[in-house]
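> everything below, folded, please.
(one chain, ligands or ions: 1)
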Amino acid sequence: MPVDIQSDRVILKHPKGPSAEILFYGASVISWKSGSVTSPEPVERLFTSAKAALDGSKPVRGGIPVVFPCFGPPTHPDHAKLPQHGFARNNVWTYNATVMDNEAGVSVRLILGPNAYASIKEQYAHPFELAYVVTLAEHELCTNLHVQNTALSTTPAMEFQALFHNYIRAPANDVRVSPLLGLSYYDKTEATEEARTTAKKETREGVDVLKFTDSVYEDAPGRYEVLWGTGGIEVVTKNLKDVVVWNPQAEAGSKIGDMEAGGWLEAGEKWIGQQVLKVKL
Ligand SMILES: O=P(O)(O)OC[C@H]1O[C@H](O)[C@H](O)[C@@H](O)[C@@H]1O
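Predicted structure coming up:
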């Protein structure tokens, strides 16, 4: 069965061997096993902490949590009652449809269920609809977040940030992220608020994560390589103008994500953010 719907998750199985697992809680992709052109045996491409809670008690530490409608602690007044990184990653989503099921890709759409909407309404008043489409191809995983502002009047606009919080499984002492050279970024590991909010300029050809790293790059190119000696992942994004490189030391993971800061949707408008993760080598 290429799309295996279980009580708490949906498992995608590609006819050539790759698979992906998506928890309904948070629509979190918790596993993506894929081979590459030169090494077809599927291996795990994402880092999910062995200590991650997968029972819906808290957001999953690993995989690909969906960050929406705020990145980090809320700053916009509409988000004031929301937790860090918003409500998408800690509400239960529902299987909606199998979008595609063939050799080109196995794809499902999840939406937020009515119970989730009811509880979110208490924290977030703006009317909206969210859908999340995850597509598994032979050497790729594609995630699409569809956001619709369902308000009827033209006001107020809906401001939001969105980010795919990828935990890419990579050797932390060897991995490099590029091309970020010349971009300005904010270094969230700095000790003072002033230093954290002062833009730096990236001088490295390939950005390493040898020490604690939490850098937000602005106006990034939308195509990134996360490479190490024996492999790598390419990340290609659409409608996501920034990228974050994060490595929380001991977890030995690195993170590529993208967000739209200061973006908004007028009533009735729709936005789709997309990323494609491709196995290299
Ligand atoms: O612990 P979480 O709420 O999952 O956040 C984990 C991390 O997310 C992003 O990468 C932020 O840039 C980090 O500052 C934050 O520490």
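> partner residues bridging Ser19?
Counting by DSSP bridges, Ser19 is bridged to Lys13, Lys33.
> show me where the stretch 101-250 of the chain has helices.
114-123, 193-196 (DSSP state H, counting those that start in this stretch).
> winner for burial among those helices?
Of those, the one with the most neighbours on average (mean count of other Cβ atoms under 10 Å) is helix 114-123, at a mean of 13. Any C-beta I mention is one placed from the backbone N, CA and C, and that applies to glycine too.
> shouldn't Thr237 be in contact with Pro221?
No: with contact defined as Cβ atoms under 8 Å, Thr237 does not reach Pro221; the gap is 9.1 Å.
> who has more neighbours, the two?
When Thr237 and Pro221 are compared for neighbours, Thr237 comes out ahead with 23 against 14, by other Cβ atoms under 10 Å.
> so what's the residue count around Ala50?
6.
> what's the separation between it and Ile168?
Computed as Cβ to Cβ, to the nearest Å, the Ala50 to Ile168 distance reads 17 Å.
> what's the burial count for Thr230?
Neighbours around Thr230, by other Cβ under 10 Å: 9.
> spatially nearest residue to it, not counting backbone neighbours?
Leaving aside its sequence neighbours, Thr230 sits nearest to Leu281 (Cβ to Cβ, 6 or more residues apart in numbering; 7.3 Å).
> give me the pLDDT for that neighbour.
At Leu281, the model reports a pLDDT of 73.
> same check on Gln275?
Value listed for Gln275 in the pLDDT field: 96.
> bridged to it, which residues?
Beta-bridge partners, per DSSP bridges, of Gln275: Thr143, Thr237.
> for the ligand, what's the nearest residue on this protein?
Trp246 (3.6 Å; Cβ to the nearest ligand atom).
> can you tell me which of the helices of the stretch 101-250 of the chain the model trusts least?
Ranked on mean pLDDT, the bottom entry among the helices of the stretch 101-250 of the chain is helix 114-123, at a mean of 90.
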